[in-house]
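*Asks:* The following block contains a protein sequence and its predicted model.
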Amino acid sequence: MTASPGGRALSAPLAGRESEPTLFELSVPGRQASSFRTTSLPEWPAEDLVPGEWLPEAPVELPEVSERDLVAHFTRLSHRQYSVDLGAYPLGSCTMKYNPKLCDEAAGMAAFAGVHPAAPPALAQGWLELLVELEEMLCAVTGMSAATLQPAAGAAGELTGLLLMRAWHDAHHEARRRVIIPDAAHGTNPASVTISGYEVTTVGTTERGDVDLSELRSVLDTDVAGMMLTNPNTLGLFEENIIAVTDAVHEAGALMYYDGANLNAILGVVRPGDMGFDIVHLNLHKTFATPHGGGGPGAGPVAVRTELSPFLPGPRPSLLDDGSYGWTSPPRSIGRVHSWHGNALVLLRAWTYLRLHGPEGLRRVAEVAVLNANWLKEQLRASYDVPYDRPVMHECVVSASSLERDTGLRALDVAKRLLELGFHAPTIYFPHIVHEALMIEPTETESPQTVAALADALAEIAAEARTAGRADAARAAPRTTPVGRLDEARAARNLVATYDQRAGGGDGGGDGAHDSRG
Amino acid sequence: MSAPFVPHTEDEIENMLASLGLSSLQELYGAVPAAIRLAGGLDLPDPLSEPDLRERLEALGAANRPVGASLVCFAGAGAYDHEVPAVVRSLASRSEFVTAYTPYQPEVAQGVLQALFEYQTMVARLAGLDVANASLYDGATSLVEAVNLAVAATGCHAVLCSQGVNPHWRAVMSTFARGSGHEIVEVPLLRGVTNWASLDLASGKAGAVVVALPNFLGCLEDLRQARRLAERTGARLVVCFDPVAAGLLRTPGSFGADVVVGEGQPLGTALSFGGPYLGLFACRLGDVRRLPGRLVGETVDTEGRRAYVTTLRAREQDIRRERASSNVCTNQTLMAVTTAIQLGWLGTGGLRQVALRSARAARYARESLLAIDGVEAATDAPVLREFALRLPLRAETAIERLAEEGYLGGVAVNEGYEGTSYAGALLVATTERRTRAEIDGLATSLEKVLR
């Protein structure tokens, strides 16, 4: 397969080698872009409306810019930002697939975006019907029987799921204190366990890359409330002993929690419910293509077995006996987990994505994601180490361990050099149990040409490092991006998290002399 | 089979499989035990083409009634109908912002990082505190995280929370307290504002004192009282604020707030049926190492150029794991970028105009509605841009009938106020978008509904 040049974003896709001033530096006192409706209301002064004790001496200062300057500023910032729309984004565990434009259009429809969340159900029948349908589809995909759509992201889903676990054990008059997670788990898992009031018990991974079953059995007792597991796991492998794992956990009277981060690999092939999971969270911003927005918004619905549905957060969108849609609260609900009904417009995008696919299309999504990852792994075998060498699911974890030993080049350097070659970097140094890990998830929406170009770029980096005289190229990378490697230690040591914290009020240590306020 | 975004041709799939020594896609799943493989397909509706699906979306949308000229919005309760101009919608929908991931590779994420730095600066200024994070999910989550911070900082689990705090936020806080073990004491309202004197402070210690400005019923709370209580009990003072009100009021920080949280929706985000919104979160520098979520800091690159990066990362879940003080990973970055753009559009004068015009509309609406026979004020304290009324009719019924007249007349006060004099009240909100004609129309319609 040839790597057509169309596969790479470009060798230097981003513009702007000079810093963009902050909006505060572009500000000119008295300039104003905003304008408002003509209201014909009496123009009472502030002093008549607010008692003196609440009135400020001076208003809060905000940047004062023209609409034209505002547009230029944020457009320039956007040119300093890599995105899925620009090129491949093979961040392992993040499922950075293409985000369909129809979903954006749906989320922009006034008929959805303009509905007030406290509107009576009669004014939101379309929304409620859509949410009920989404819940049904998510249950079908996971093999569960009911779901809450409230959690705003995966971590919120985890916390919700753990509180459901607690409510379940409370209802059975059991005071269990521990939750088991594998050592390869995402960081949100142990953090969620602690915040939900449980203690973490970690189990190891076998040499084949599965949960260590004998270690698991040795820590299972009546103090264990449940186990959180990602399957495929963070090594990109399907847990071969999954049935033995879920059986063992259930025999101990504990529940199985499915972290849906990697669900994209198995859509339509196998469902978490059939593996023996009781509680499942989904990351709609991964599996169902809702855009990540630079780090959110996401959506993390939680689906459960019938026995757990009475505990779900409420109110829930429901089809009522009279044929209309409304809100109902489960009888033993743990309560609300969101200010309103969840990230509704994200839910709408996921609904749209699901309705475009149908059962066979969704299965094809999973199969091609897995095909891309396996094909990529085979191409990388010549240049990188392949720990846990088995057929992978949606992502592959390779290691720069030998490369580091031979040339001193680390996974970080590989990632930075890849930025110069027109790709976003993969996830690095995760999972922690793999030395110099590169976790690569091409997703199903990257063409064979793009995956081949990615493989070539990664091979090129390794070859270059092993070529005398060229080994330093990667260590100096990236040089073609808007900024080079950053002094991250300085950012933490000398915290400047607002413009006002800048030393001297305007000197950013670089070319910060744009302050028009003088 | 409909997989419209999978580019592979059947030939390409065959070639790739062949190079792996496989003859079918099914063989990729050899590791999945046969016993649990899905026999049939998923039980999902058949796929629709893009044009067919657009029709379906339009049909569902037609069953909604969005706010606008035919349903003038006087509902608030945490979600407000403010002006969002074309320029904000246009910039915030740029795909570079929409389709990026969390800025893990800062060299190619300066756009989002700098926008977040600007957002953090503006939120910290509005709050009157030192630092703000890069956003949380929503107002409720910000409150939960603020209380977690306060409890961790003080080592005391007692939370004294005013009933003037948004009842949904209080509900979320109670839900998560099941895990964290916080002991929440709700402090009732008297004449619309928190009656701190009703507290029986047996133990004398607290981790957090929580109050809202303005509160859920629209009233201005005396934060000095709350501050004194926080000092007496050793608690952090957590203030839930309305960022629009900040255009007209002293900052919570100037009243002595330690942590300021809020719902950012009024600053550029559409009503969106409740989400995605964003949680505002600001605190003092002394608490920054307990700050939940992401924080962007300024630094330099190898050539000394100014640059931005997520910082104090050792606080976060992916590094600290079970010792992390928060599990937040994905937040609401796109909404934070949107908020920064909206605040840039507003500027100093614009935010003040929004607050002033909203308050003027509230004054005019309150006087107009109170002039109607049978309508009474539910609170006595000064209000800003929202107010509660007692009607001689169930608020839910009034809202339904007003909708027939073309008005979303408000939100019924019930949840979180059971058994209080405020239960059953109608909460009416105004923004800078409400005109005299619309308010006169609401008054005429309410009069008709009550007749």
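*Replies:* Good, I have the coordinates.

*Asks:* which SS class is residue B:281?
*Replies:* At residue B:281 the chain is in strand, as set by DSSP: H, G, I helix; E, B strand; the rest coil.

*Asks:* show me the contacts for it.
*Replies:* Shown in contact with residue B:281 (CB atoms under 8 Å, 6 or more residues apart in numbering or on different chains): B:123, B:132-133, B:135-136, B:142, B:145-146, B:259-261, B:291-293. All C-beta spots, glycine's among them, are computed from the backbone N, C-alpha and C.

*Asks:* Next one: the longest helix along chain B, is it in contact with chain A?
*Replies:* Counting by DSSP state H, the longest helix found in chain B is helix B:333-370. Yes - contact of helix B:333-370 with chain A (CB under 8 Å from any CB of the partner chain) involves B:333-335, B:337, B:340-341, B:343-354, B:356-357, B:359-361, B:363-364.

*Asks:* what's the answer for stretch B:250-266, then?
*Replies:* Yes - counting by CB under 8 Å from any CB, chain A has neighbours in stretch B:250-266: B:250, B:251, B:254, B:263.

*Asks:* quick one: low-confidence parts of the chain?
*Replies:* I'll assume chain A. Judged by pLDDT under 70, chain A has its weakly predicted residues at A:1-17, A:504-518.

*Asks:* Chain B is the one I meant
*Replies:* Ranges of chain B meeting pLDDT under 70: B:202-203.

*Asks:* domain assignment for it?
*Replies:* Domain assignment for chain B by automatic domain parsing gives B:72-84+B:347-449, B:86-342.

*Asks:* what number of residues lie near residue B:208?
*Replies:* Residues contacting residue B:208 under the criterion other CB atoms under 10 Å in any protein chain shown number 29.

*Asks:* can you pull the contacts of it?
*Replies:* B:146-147, B:150-151, B:154, B:158-161, B:235-238.

*Asks:* buried ones in stretch B:31-44?
*Replies:* Neighbour-count burial for stretch B:31-44 flags B:31, B:32, B:33, B:36, B:38, B:42, B:44 (criterion: 16 or more other CB atoms under 10 Å in any protein chain shown).

*Asks:* so, in contact with chain A or not, that stretch?
*Replies:* Yes - Stretch B:31-44 is in contact with chain A by CB under 8 Å from any CB, via B:31, B:32, B:33, B:35, B:36, B:37, B:38, B:41, B:42, B:43, B:44.

*Asks:* give the contact list for the fifth one.
*Replies:* Right, the one you point to is residue B:36. A:242, A:243, A:270, A:274, A:275.

*Asks:* With the second one instead?
*Replies:* Under the criterion of CB under 8 Å, 6+ apart, the contact partners of residue B:32 comprise A:238, A:266, A:269, A:270.

*Asks:* Spatially nearest residue to the residue most central in space within chain A (excluding sequence neighbours)?
*Replies:* Closest to where the C-alpha atoms of chain A average out (CA atoms, centre = their mean) is residue A:94, at 5.5 Å. Of all residues not flanking residue A:94 in the chain, residue B:101 sits nearest, at 5.7 Å (CB to CB, 6 or more residues apart in numbering or on different chains).

*Asks:* and stretch A:376-385, how far apart are its ends?
*Replies:* 13 Å (CA to CA, to the nearest Å).

*Asks:* For the stretch 201-350 of chain A, what lies in contact range of chain B?
*Replies:* Taking CB under 8 Å from any CB as the criterion, the stretch 201-350 of chain A approaches chain B at residues A:237-238, A:240, A:242-243, A:266-271, A:274-275, A:285, A:289, A:291-298, A:313, A:334-346.
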